[in-house]
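[1] return a 3D structure for these sequence lines:
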Amino acid sequence: MTAIIRDDLLLSHAVITSDVTAPFDHVDIEQWLKTLPTHEYQRCAPGDHKAAGYTVDDDGTPMSINVEMIGTGLVIQQYRFEVATPHYCKMVSLSDVLTPGGWTTTQVIWELGMEQLQGDELRYVNTVTSHPTEDFLEFITASGQTFEDAASARQQASGAHCALETPHYARSIAEFAKARAAESAA
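    Numbers count the residues shown, from 1 in each chain. Alright, predicted model coming up:
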């Protein structure tokens with residue numbers, strides 16, 4: 001899908017952290033994303049997360065597909081892996097959004113990072129940034145909404161959603177690391 005992204009406009013931005021204990025050398029966010037079961041994804045944001053899957057785009061780029069509720073919008077994320085390492089992944093999606101007023105699109109950038117504080121004390125950093133598309137700007141204009149109002153509503157909804165999912169993601173990634181450490185010790 002081709003869309004004009006308005007990266008000069010910020011729809012929302014959230015950076016939320018959560019501390020966990022896990023063996024840093026066994027953290028692998030890339031593999032966690034590629035193998036994340038739907039039910040674990042749902043546990044990471046109860047009520048909001050609906051489904052997750054892994055695929056590749058036509059050009060072979062790995063993709064994480066996520067279906068979730070953010071505020072009143074059903075969002076279908078089609079995240080292309082732009083950077084994929086064990087401790088940091090940057091995903092970019094041209095996302096379809098079903099709102100009470102119909103369908104539109106936004107660009108969402110999801111960054112997942114795990115930092116080592118000391119030993120097995122780690123900090124997960126969940127960053128989500130959203131930019132409007134031209135389609136989105138036309139959509140809100142047609143519905144009589146200003147960009148400022150739309151951005152304020154999206155910031156509030158996205159911030160609340162990120163606050164809900166971040167500690168669960170941190171726990172899930174930490175448990176994945178612990179399981180990998182146990183496998184390598186066996």
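
[2] ok so Phe94 is a strand residue?
    Heads up, residue 94 is Leu, not Phe. Yes. Counting by DSSP: H, G, I helix; E, B strand; the rest coil, Leu94 is located in a strand.

[3] starting at the chain centroid, how far to the longest strand along the chain?
    Longest strand of the chain, by residue count under DSSP state E: strand 102-118. Put simply, strand 102-118 sits 4 Å off its chain's centre (Cα atoms, centre = their mean, to the nearest Å).

[4] direction included, what does that strand pair up with?
    strand 88-99 (antiparallel), strand 121-132 (antiparallel) (DSSP bridges).

[5] I'd like those strands as JSON lines, with mean pLDDT appended.
    Below are the strands paired with strand 102-118 laid out as JSON lines (pLDDT from 0 to 100):
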{"stretch": "strand 88-99", "mean pLDDT": "97"}
{"stretch": "strand 121-132", "mean pLDDT": "98"}
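
[6] okay if I get these as JSON lines plus mean neighbour count and distance to Gly71?
    Just so you know, the C-beta spots here come from the backbone N, C-alpha and C atoms, and that holds for glycine as well. Below are the strands paired with strand 102-118 laid out as JSON lines (neighbours: other Cβ atoms under 10 Å; distance: least, Cβ to Cβ, whole Å):
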{"stretch": "strand 88-99", "mean neighbour count": "19", "distance to Gly71": "9"}
{"stretch": "strand 121-132", "mean neighbour count": "20", "distance to Gly71": "12"}
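
[7] adding distance to Phe139, write these out as TSV.
    Below are these laid out as TSV (distance: least, Cβ to Cβ, whole Å):
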stretch	distance to Phe139
strand 88-99	8
strand 121-132	9
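
[8] isn't Ile65 right next to Val75, touching?
    No. Using Cβ atoms under 8 Å, Ile65 is not in contact with Val75; the gap is 11.3 Å.

[9] those two: which is more packed in?
    Remark: of Ile65 and Val75, Val75 carries more neighbours, 24 against 14, as counted by other Cβ atoms under 10 Å.

[10] what packs against the longest helix seen in the chain?
    For the chain, the helix that runs over the most residues, judged by DSSP state H, is helix 147-185. Applying 3 or more Cβ pairs under 8 Å, 6 or more residues apart in numbering; DSSP states H and E, one finds that helix 147-185 contacts strand 12-21, helix 29-35, helix 38-43, strand 62-70, strand 102-118, strand 121-132, helix 134-142.

[11] what inclination does the longest one have with respect to helix 147-185?
    When you say that, I think you mean strand 102-118. 50 degrees (axes from the mean of the first three to the mean of the last three Cα atoms, to 10 degrees).
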